[in-house]
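Colleague: sequence and predicted model, in that order:
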Amino acid sequence: MGANAIVGQSGGPTAVINSSLAGVFSACRSCGAKTIYGMRYGVQGLLDEKIVDLTQTLSSTLAVELLQRTPATYLGSCRYKLPDFRVDAQPYEKLFKILKKYDIGYFFYIGGNDSMDTILKLSDYAMETNCDIRFIGVPKTIDNDLMITDHTPGYGSAAKYIGITVKELVRDSTIYDMKSVTIVEIMGRNAGWLTAAAALAEDADCEGAKMICLPETIFDPERFIEQVAALQKESPSLVIAVSEGIRCADGRYVCELGNSDLNIDPFGHKYLTGTASYLSRLVAHKLRTKTRAVELSTLQRCAAHTASRTDVMEAYQSGGAAAFAAFAGKTGMMVALKRLSDDPYQCITELHDIHDVANYEKTVPLHWIDTKNARMNKEFLTYARPLILSEVNPLYVGGLPQHIRL
């Protein structure tokens, strides 16, 4: 076994992905890892041997504490898809040669679905070549679409930010005695977990979003206009939340109705944008009312100033659980969160075979969606509310949050 550990971060950033990194680092150190390395820009950077010694850059308790409160990826990220090693083994041969050079025995990758695909392929290749390096995945994604785990670190903080933002938009949009429609576009290609979080804004002191449109259900533009018109008879000023990935019955994304020329990422995913803009123009044209399009875009990913304490703690625990599992001899696994109860909220970590997670997608259960009224049912609120509880205050310097960076 190699004496050293290496960890990387991949995919989109979150408010708590660095807390997972802190968890991996701290647990590896307590388990006796000689040196703990970090991949600069994920596995793509590792192929170029871009490696940093974390035992040097995170040498103080303050540095690790600050890391937990710093959003986005401390090590940098990538969107790199490894080929099937049975078709092209060259990247694997290069990677494993580098891992051997640095005496790596433990490999951790923090990320979402595509990152778990990387753990699957690397652990399978290690088994095929009788390599004893242990590979463990640490879940991360604001999209909350990883299978097996009850929820993913990163989702709670993003959901909290969305709930806060929608609540404040409702306050803003209802100050005038006039008809208006504010359409908020929220991330979510195929899974509407983030957009569903707009339902958290509704409470005794706030009417919340009047409609919530998710990609799990077919979107009908004509039906949408009819619902908006009916709602405006009861409440002139409306806030409506829509997923960027809502689709029409013919399979087209709604944003494609206004822009058919969308760029594509390395994994074949279309970059979705413009859903709220298209719908606001449609509503303005059809109903002759004031409209506004608000696209949260990347703002919802790294809002560490509203991070959920539950989320920060679970991210750290997930990273630590991954390290302890690897040092206990586990490989080809992902750490998952298992909910024990809603009230009081209790959640533990457990391990699952990476083959049961990678390349699958968890969507919002249809029975949690009130499709007739485009709202969320109470089952979703019971699920989501514990994930946004409590706060972690940033360390402010000069009136702004202090972050750590390489």
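Modeller: Nice, thanks for sending it over.

Colleague: okay, CA-based contacts and neighbour counts for the rest of this
Modeller: Fine.

Colleague: spit out the contact partners of the closest residue in space to residue 94 that isn't next to it in sequence.
Modeller: Of all residues beyond its chain neighbours, the one nearest residue 94 is residue 47 (6.9 Å), with distances taken as C-alpha to C-alpha, 6 or more residues apart in numbering. Contacts for residue 47 (C-alpha atoms under 8 Å, 6 or more residues apart in numbering) come out as 91, 94-95, 98.

Colleague: and for residue 207?
Modeller: Residues in contact with residue 207 (C-alpha under 8 Å, 6+ apart) are 170, 201.

Colleague: for it, phi and psi?
Modeller: Torsion angles at residue 207 (phi, psi; degrees, to the nearest 10) stand at phi -80, psi -20.

Colleague: how far away is it from residue 393?
Modeller: Residue 207 sits 28 Å away from residue 393, taking C-alpha to C-alpha, to the nearest Å as the criterion.

Colleague: swap in residue 291?
Modeller: Going from residue 291 to residue 393 by C-alpha to C-alpha gives 35 Å.

Colleague: equivalent analysis for residue 387, please.
Modeller: When distances are taken as C-alpha to C-alpha, residue 387 and residue 393 turn out to be 17 Å apart.

Colleague: more crowded one of these two?
Modeller: More crowded of residue 387 and residue 393, by other C-alpha atoms under 10 Å: residue 387, with 25 against 14.

Colleague: residues in contact with the closest residue to the more buried one other than its chain neighbours?
Modeller: With C-alpha to C-alpha, 6+ apart as the criterion, residue 387 has its nearest non-adjacent residue at 4.8 Å, and that residue is residue 156. By C-alpha under 8 Å, 6+ apart, residue 156 lies in contact with 142, 307-308, 310-311, 384, 387-388.

Colleague: where does residue 156 fall, secondary structure wise?
Modeller: helix 155-173 (DSSP states H and E).

Colleague: name every strand pairing with the helix or strand that that helix is followed by and say which way it goes.
Modeller: Once helix 155-173 ends, the next helix or strand along the chain (criterion: DSSP H and E) is strand 180-186. Sheet pairing here is set by DSSP bridges, and for strand 180-186 it gives strand 237-243 (parallel), strand 290-295 (parallel).

Colleague: from the chain's centre, how far out does whatever helix or strand residue 63 lives in sit?
Modeller: Assigned by DSSP H and E, residue 63 falls within helix 61-68. Computed by C-alpha atoms, centre = their mean, to the nearest Å, the chain-centroid distance of helix 61-68 equals 22 Å.

Colleague: which elements pack onto the next helix or strand after it?
Modeller: Proceeding N to C from helix 61-68, the next assigned helix or strand is helix 90-101, under DSSP H and E. Judged by 3 or more C-alpha pairs under 8 Å, 6 or more residues apart in numbering; DSSP states H and E, helix 90-101 is in contact with helix 42-47.

Colleague: report the rounded mean pLDDT for the helix it packs on.
Modeller: In this model, helix 42-47 has an average pLDDT of 98.

Colleague: which residue sits closest to residue 229, ignoring its sequence neighbours?
Modeller: Beyond its immediate neighbours in the sequence, the residue positioned closest to residue 229 (C-alpha to C-alpha, 6+ apart) is residue 287, lying 7.1 Å away.

Colleague: okay, buried residues for stretch 216-227 please.
Modeller: For stretch 216-227, the buried set under the neighbour-count rule, 16 or more other C-alpha atoms under 10 Å, comprises 216-217, 219, 224-225, 227.

Colleague: an error on my part: the question was meant for stretch 248-259.
Modeller: By neighbour count on 16+ other C-alpha under 10 Å, the buried set for stretch 248-259 is 248, 253-256.

Colleague: mind listing which of the residues you listed are in helices?
Modeller: Using DSSP state H, the subset of these located in helices is 254-256.

Colleague: need the max-distance pair from the buried residues of stretch 216-227.
Modeller: For these, the maximum inter-member distance is 19.2 Å, found between 216 and 225 (C-alpha to C-alpha).

Colleague: domain ranges for this structure?
Modeller: Domain assignment for the chain, taken from automatic domain parsing, gives 4-142+304-358, 157-300.
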